[in-house]
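In: Give me the fold of what follows.
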Amino acid sequence: MRGWRMLPVLLVLLLTASTSLAGGFRLPEAGVKAMGMGFAFTAQADDPSAIYFNPAGLTQLKGQNIMVGGTYVRENGGEFTGTTPVDNTTATKNETQKSLNFFIPNAYYTRTTNSGNVSYGVGIFSPFGLGQEYNDRNASIFRNQITRIDLMTVVVNPTIAFKVNDILSIGAGIDWMYGKAELAKTPVVPGVGNLYNLDLEGDGDVWGYNFGLLLKPTPNLRIGANYRSPFKLKIKNGDVTISNTNSLYGVVPALGTAPSNTKGSATIAMPATFALGAAYTIGKLTVEADADWTFWHSFVSLPITIQDNVATLFSTNNPKNWEDVVALRLGAEYRVTDPLALRVGFVYDPTPVPASTMGPELPDATRLNYMVGAGYKVGAWTIDGAFMYVDKFDRTVNNQVTAAGTGFSGTWTGDSWLAGLDVGYKF
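Out: Below you'll find the predicted structure:
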């Protein structure tokens, strides 16, 4: 049991950073074939990543299958121009986030019985992640709110699927999530300056579930649906480290006692998701369209509790009040020859973040995603590759509250690109 629990922990450590590559902080990069088709894969679901995209699709596989791989992400640092509640609160300033490079892993094993009526397997993937970092934690124009944030998750998902008849298949799974969170900021008091550097780090785990169905009303038409439950990840007894404390503590009575290292906790509500898709095959061409719901209304706030409260070191519960969104996904695959397939995809991905609560931890905006991909079979081996460009809309927000030290008023720009590779083997 201990070794089983350590596997996702080790995979989390492979993530050199995290970011958000769908609306909010959702990561749909759980399979490279699906990525090449714009993640429009709920109805097709015909490789081991069906464990994530639609477990009912496992009944389409034969024998035993292994697939491993991942996605490299280059997140170009977002640029901000505007005002913030620190330093000169009315002066126009500029800030550029650090550009981030990281890796999202995936791994799957599946087996279908000789009868073809029962399939089962296990998947490992990272469904959520959030990461931003600003260049100088002691001078950033957002330092009183955030200078770095990372949320890294890995899910282990045992799954089983049943072929009810030639038309209907159903599947379900249990999800165990391990998550690690890090947060850093530098509180500021006007006339005093930076108070200290605060770093919070902790981890936790939580259980969830998922289920899906697949209909084949005609030989050429497939209809799929997939639901994944919400997660409420609780980071308990995290380490809170205080450093670089202002020398005016003990001199200015209003500052009170200088804070010291302590413990903290946070609760991160990750949303339920539901996808509905239809795929149609005409000769060598398969096209699919999906609607993908993310129920972000569960992300009401981000509560952070500090165990030992002292002056200027206190718990927070920032309101978020995110909104449910529907992403539209389109994809196509053309099988040029029996071993070679070419793919293309497009996603319209609206942001769930209201302008009134948007903060520097996730300056989100609606995105247009463009994908291309290819797959090739060599005997029992399958190799899939894909490239994705994320065109993030510019977004202007005016929610600065100077007295509370929150928000900002200005415009954000940014983009990113991804490259993925999966290798599969059937035996």
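
In: From what I see, residue 378 and residue 340 are in contact.
Out: No: using C-beta atoms under 8 Å, residue 378 is not in contact with residue 340, being 10.6 Å away. Just so you know, the C-beta spots here come from the backbone N, C-alpha and C atoms, and that holds for glycine as well.

In: average pLDDT across the helix or strand hosting residue 393?
Out: Using DSSP states H and E, residue 393 sits within strand 381-398. Here strand 381-398 scores 95 as its mean pLDDT.

In: Tell me who's in contact with residue 240.
Out: Residues counted as contacts of residue 240 (C-beta atoms under 8 Å, 6 or more residues apart in numbering) are 198-200, 261-264, 306-307.

In: That one bridge partners, please.
Out: For residue 240, the beta-bridge partners under DSSP bridges are residue 200, residue 262.

In: Starting from residue 202, give me the distance back to it.
Out: Plainly put, residue 240 is 9 Å away from residue 202 if you go by C-beta to C-beta, to the nearest Å.

In: the more surrounded of residue 378 and residue 340?
Out: For residue 378 versus residue 340, the count of surrounding residues by other C-beta atoms under 10 Å is larger for residue 340: 12 against 8.

In: Against residue 142, how distant is that one?
Out: Distance, residue 340 to residue 142, by C-beta to C-beta: 48 Å.

In: same question, residue 116
Out: 56 Å.

In: Could you do residue 104 as well?
Out: Using C-beta to C-beta, one obtains 26 Å as the distance from residue 104 to residue 142.

In: Equivalent analysis for residue 198, please.
Out: Residue 198 is 14 Å from residue 142, where distance means C-beta to C-beta.

In: higher neighbour count, the two?
Out: Each of residue 198 and residue 142 has its neighbours counted (other C-beta under 10 Å); residue 142 has more, 24 against 21.

In: does the spatially closest residue to that one that is not a sequence neighbour sit in a helix or strand, and which one?
Out: Nearest residue to residue 142 in three dimensions, chain neighbours excluded: residue 360, at 3.9 Å (C-beta to C-beta, 6 or more residues apart in numbering). In this structure, residue 360 sits in neither a helix nor a strand according to DSSP H and E.

In: Would you confirm that residue 360 contacts residue 134?
Out: Yes: using C-beta under 8 Å, residue 360 makes contact with residue 134 at a distance of 7.5 Å.

In: which residues are in contact with both of these two?
Out: 142, 146.

In: now the helices for the protein?
Out: Taking DSSP state H to define them, one finds helices in the chain at 2-14, 32-36, 50-53.

In: Check the ones you listed for me: which has the lowest mean pLDDT.
Out: Sorting the helices of the chain by mean pLDDT places helix 2-14 lowest, at a mean of 44.

In: what separates residue 110 from residue 383, distance-wise?
Out: Per C-beta to C-beta, residue 110 is found 18 Å from residue 383.

In: pLDDT weak spots in this protein?
Out: The model of the chain has pLDDT under 70 over residues 1-23, 309-314.

In: give the contact list for the residue nearest to residue 142.
Out: Neighbours of residue 360 in contact, by C-beta under 8 Å, 6+ apart: 80, 132, 134, 142, 145-146, 408.

In: and which of those residues is nearest residue 43?
Out: Closest to residue 43 out of the contacts of residue 360 is residue 132 (34.6 Å), distances taken as C-beta to C-beta.

In: The closest one: neighbour count?
Out: Count around residue 132 with other C-beta under 10 Å applied: 25.

In: ok, what's across the strand from it?
Out: Note on residue 132: beta-bridge partners by DSSP bridges are residue 149.

In: doesn't residue 198 make contact with residue 187?
Out: Yes: using C-beta under 8 Å, residue 187 is in contact with residue 198, at 7.0 Å.

In: which stretches of the stretch 251-400 of the chain form strands?
Out: 262-270, 273-282, 285-294, 301-306, 316-319, 325-335, 340-349, 367-378, 381-398 (DSSP state E, counting those that start in this stretch).

In: Next: the stretch 51-200 of the chain.
Out: Using DSSP E, counting those that start in this stretch, strands in the stretch 51-200 of the chain cover 64-75, 79-83, 93-96, 100-112, 118-125, 129-133, 148-163, 168-185, 188-189, 193-194, 197-218.

In: just checking, what packs against the second one?
Out: Under the contact definition 3 or more C-beta pairs under 8 Å, 6 or more residues apart in numbering; DSSP states H and E, strand 79-83 sits against strand 93-96, strand 409-426.

In: out of the ones you listed, nearest to residue 256?
Out: Ranking those by their distance to residue 256 (criterion: C-beta to C-beta) puts strand 93-96 first, at 30.0 Å.

In: List the pairing partners of the closest one within its sheet, with orientation.
Out: Applying DSSP bridges, strand 93-96 is found paired with strand 79-83 (antiparallel).

In: list the contacts for residue 295?
Out: 230, 271-274, 324.

In: contacting residues around the closest residue to residue 45 other than its chain neighbours?
Out: Nearest residue to residue 45 in three dimensions, chain neighbours excluded: residue 57, at 2.7 Å (C-beta to C-beta, 6+ apart). Taking C-beta under 8 Å, 6+ apart, we find residue 57 in contact with 44-46, 50, 161, 169, 171, 212, 214, 224.

In: With residue 117 instead?
Out: Residues near residue 117 by C-beta under 8 Å, 6+ apart: 59, 162-163.

In: Drop anything exposed from those.
Out: 59, 162-163 (16 or more other C-beta atoms under 10 Å).

In: just to revisit the earlier point, find residues that contact each of residue 187 and residue 198.
Out: Listed contacts common to residue 187 and residue 198 are nil; contacts here mean C-beta under 8 Å, 6+ apart.

In: contact partners of stretch 385-396?
Out: Here stretch 385-396 has contacts from 21, 32-33, 35-36, 78, 343, 351, 358, 363-375, 410-421, using C-beta under 8 Å, 6+ apart.

In: count of neighbours near residue 242?
Out: When neighbours are counted by other C-beta under 10 Å, residue 242 registers 17.

In: Test my guess that it contacts residue 197.
Out: Yes: counting by C-beta under 8 Å, residue 242 touches residue 197, with 7.2 Å between them.
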